[in-house]
Structures are given as structure tokens and as C-alpha cells.
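Just the structure for this:
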Amino acid sequence: MNRNSHIRTHFDSRVILSFVAILLLSGIILAFRVNESEPCKVEEIKVQASSFKVGEIITFSDYTDNAHEWKWDFGDGNEAAFRSKVVHQYKDPGKYLVSLWVNKNCNITRLVDIKPSEDIIDSTLLPKFFAPKIAYVNEPVSFSDSTSHAKSWEWRFGEGEKIDAIDRNPSYTYKTTGEKTISLFVNDDIKYVGFRKITVLPAREENTPISRADIMRETRGNVVNDFLDRVPEAPASELKEKSATTVEKSKEEVIVPELDESKLAGLIIGISEDKLSFNNFVRYFCKGKLPSVQLKDRIVSIHYLNNSIRGKKIDLKSVSIIRNKDNGCVSLIVVDYKRKGLF
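The predicted model follows:
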């Protein structure tokens, strides 16, 4: 007999069950890994803040479906956060890349731009200083600071960017005409700076008497008008009488006509179109106190302005009024214009 015919075939059922169990476990693990490798469903990071500035509270949120784990990196080196909704404050201005990981494998980023915080200005720390409203070329002007807490000063008087003085009470001599802006900051704190405006007029000529003989000796055209424009608005004798009665006049109430730049511009145009008489023009100024007129680089009388523009259409660029601080009367008119049709 063949010996092999006596060998029995035997299968252990426990081996088969173990094999089936391994197959099932492998399938479960594979399915879990397939589920984990699903595409990222995080669409965006929600950000809420009243302003993106240093120190402001910013809220970051995620509303992804089926999310169960979060990790936030705010891009500024601070510790991570692990909730779906978190708050954060940035201490320095700059651009920061915020990163979010959802369920460990899904990552999304967002850039936030943090601006410097706005400093709150304490008005009690602003410089308090005096500056006159009018100055003249080549004449020293005095300024004074009364800021109680000031220990250092930086003055700029409007003729350049450099520092013009570092004293508490400096003086300055202007070289050019026009409206200047004076600035002062104290204690090296640029946040607390004070400003004043000053109008610089051309250099004053010596007030020498003008005689009729001087006028008659001149033979060139328009010389008479030039001399008359330099004569005061009132005769010398009348000026003496006014000087003698200064005390009585000071007791009288000065009636200041209502006049602003807009109305004055309309009056000047009325003269240029010959629709307004000189008498109706000057009634808008204090009686007996007619103002002078600045035309670019020279000071003339109001009579000269009337004679120069009457019946001649002009292009009026700007008009400004300077008043006497004691009585409110207009003391100077600054006019910028050009004749129409002239180049």
C-alpha cells in the first residue's frame, strides 16, 4: 500500500477565524485612512475687529463642518490657541500670517495688516506761545512761550524746514513776505506741536515828509500819483488834532461794519466793473480808519486800489482781511488779482 494514502488533511477553524478578523481590521483601517485623506473643506478664516491696530482685540473663527480639532498660529511668536473661536491682540504694527490647522491635516492661512495705534492727544500738554499777527521784512520779531512744563523748545518760523530757534523766547527776522506758519514743539515730543499764523509785510520805508516842491520837480509820468499814494489818508494838521483828543476818542464806541472776505471780494469786483462808487465802498470800514492795501510786494492806499481797478475787469484770485485787535477795524487788505486779457 501507498503510505501517502494514510495522511489525513486537517484545517484548524481558529486559523480561519483569525485570518477573517485580520481582513476585517485591515479594511477598517484602510477606510479610516481614506476618510482622513478627504480634500480640505475649510473655506476661510473669519476675522472680526473694530480696527486692525496695535492693542485692539481681534476675533478669529472657523465654521468648518465636521471639524473637531483646531490649532491657531498668529504669526507673532505667541502661543498657539486650540478652539474654533479665539481672540488675539498684536503688540507691534506689521503684517502677520495667521495659520489654522483643522483636524490636524487641513491648513489655511490669512494675512492681517496691523496699523499703529492712534495716540490720544492731551490738550493740556500742547505748547502755549505768543506770536504777533503782523511782521515786516528786515525787522526782528519777538516770540515767547508760556508752556509750564516745557524744558526744551524747537521753533520753526515758516521760511524753511530747519529748526530756527531753541530758546524759550526767541526773536526772528523775516526775509520774505507772505503768510507764514509758525510751529513749536517742546520736550522733544513731536506729537504735541502748536501752530500760529503770521502775515509778513514788505519792509517799511522811512516816513519822510513830502512837499509840493518834491512833486513839481518830478517830470516823469505817474509820479504825482505815486507821491499821492504815499500821503496819509488825513492831513498832518488833522492827525495832530486826533492825537490831542485820543482820550476823548477812546471813550467813544467804535462801530465796526460787518465785512468778511466774501463780501469784500464782491465789493472789489463791483469797483472793477464800475458799479460801486468809492464812497459806498469805504463805508464798510471804520470811519476815519481806512485800511492800507497789500498788492503782492508793496503797500498802497485804498485810493490807489480804487484808481487802479475801476472800470477794468480783473481776475480776483484771493482777498484777506487783517483787523486791529484793539478795536476790530480793518487795518490791512491783502489782494491778489490780475487784469483779464493780459498775460
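
Where does pLDDT dip in the stretch 101-250 of the chain?
Within the stretch 101-250 of the chain, the segments meeting pLDDT under 70 span 119-120, 206-250.

all helices of it, in order?
Counting by DSSP state H, counting those that start in this stretch, one finds helices in the stretch 101-250 of the chain at the ranges 212-217, 223-230, 236-244, 246-251.

Distance of the residue lying closest to Lys151 once chain neighbours are set aside relative to Phe285?
Distances taken as Cβ to Cβ, 6 or more residues apart in numbering place Asn187 nearest to Lys151, at 5.7 Å, with adjacent residues excluded. Every C-beta, even on glycine, is put in place using the N, C-alpha and C of the backbone. Using Cβ to Cβ, to the nearest Å, Asn187 is found at 45 Å from Phe285.

Neighbour count for the two, which is higher?
Phe285 (19 against 14; other Cβ atoms under 10 Å).

Tell me, how many residues neighbour the residue nearest to the more buried one when sequence neighbours are not counted?
Leaving aside its chain neighbours, Phe285 sits nearest to Val330 (5.4 Å; criterion: Cβ to Cβ, 6+ apart). Neighbour count of Val330, defined by other Cβ under 10 Å: 21.

for Val330, which residues make a bridge with it?
Per DSSP bridges, the residues bridged to Val330 are Arg323.

go on, Ile182?
Beta-bridge partners of Ile182, as defined by DSSP bridges: Arg196.

I'd like the distance between it and Asn138.
For Ile182, the distance to Asn138 - Cβ to Cβ - is 18 Å.

out of the two, which sits in the busier spot?
Using other Cβ under 10 Å as the criterion, Ile182 and Asn138 rank with Ile182 on top: 20 against 11.

what sits against that one?
Ala131, Phe143, Trp155, Arg156, Phe157, Gly158, Phe195, Arg196, Lys197, Ile198 (Cβ atoms under 8 Å, 6 or more residues apart in numbering).

As TSV, the residues you listed with neighbour count and distance to Ser318 would be great.
Listed next are the contacts of Ile182 as TSV, based on neighbours: other Cβ atoms under 10 Å; distance: Cβ to Cβ, whole Å:
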residue	neighbour count	distance to Ser318
Ala131	21	22
Phe143	23	26
Trp155	22	28
Arg156	20	24
Phe157	24	22
Gly158	19	18
Phe195	14	20
Arg196	18	20
Lys197	11	15
Ile198	20	17
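
Kindly reformat those as TSV containing distance to Asp113.
Converted to TSV, the contacts of Ile182 look like this (distance: Cβ to Cβ, whole Å):
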residue	distance to Asp113
Ala131	41
Phe143	42
Trp155	37
Arg156	33
Phe157	39
Gly158	36
Phe195	32
Arg196	37
Lys197	37
Ile198	41
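
For those residues, which two are the farthest from each other?
Trp155 and Lys197 (14.7 Å; Cβ to Cβ).

just to revisit the earlier point, out of the contacts of Ile182, which comes closest to Phe281?
For the contacts of Ile182, the nearest to Phe281 is Lys197 (27.0 Å; Cβ to Cβ).

May I ask you to confirm that the closest one is in contact with Lys180?
Yes: between Lys197 and Lys180 there is a contact at 7.3 Å, judged by Cβ atoms under 8 Å.

Need the CA coordinates for stretch 280-292. PDB is fine.
Extracted in PDB, the C-alpha atoms of stretch 280-292 (Å, rounded to 0.1, in the frame of the first residue of the first chain):
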ATOM      1  CA  ASN A 280     -20.100 153.400  -1.000                       C
ATOM      2  CA  PHE A 281     -17.000 151.200  -0.800                       C
ATOM      3  CA  VAL A 282     -15.300 152.900   2.100                       C
ATOM      4  CA  ARG A 283     -18.400 153.000   4.300                       C
ATOM      5  CA  TYR A 284     -17.700 149.300   5.000                       C
ATOM      6  CA  PHE A 285     -14.600 150.400   7.000                       C
ATOM      7  CA  CYS A 286     -14.400 152.200  10.300                       C
ATOM      8  CA  LYS A 287     -14.900 155.900   9.900                       C
ATOM      9  CA  GLY A 288     -11.600 157.800   9.700                       C
ATOM     10  CA  LYS A 289      -9.700 154.500   9.800                       C
ATOM     11  CA  LEU A 290      -9.300 153.500   6.200                       C
ATOM     12  CA  PRO A 291      -7.100 150.400   5.700                       C
ATOM     13  CA  SER A 292      -4.000 150.000   3.700                       C
END
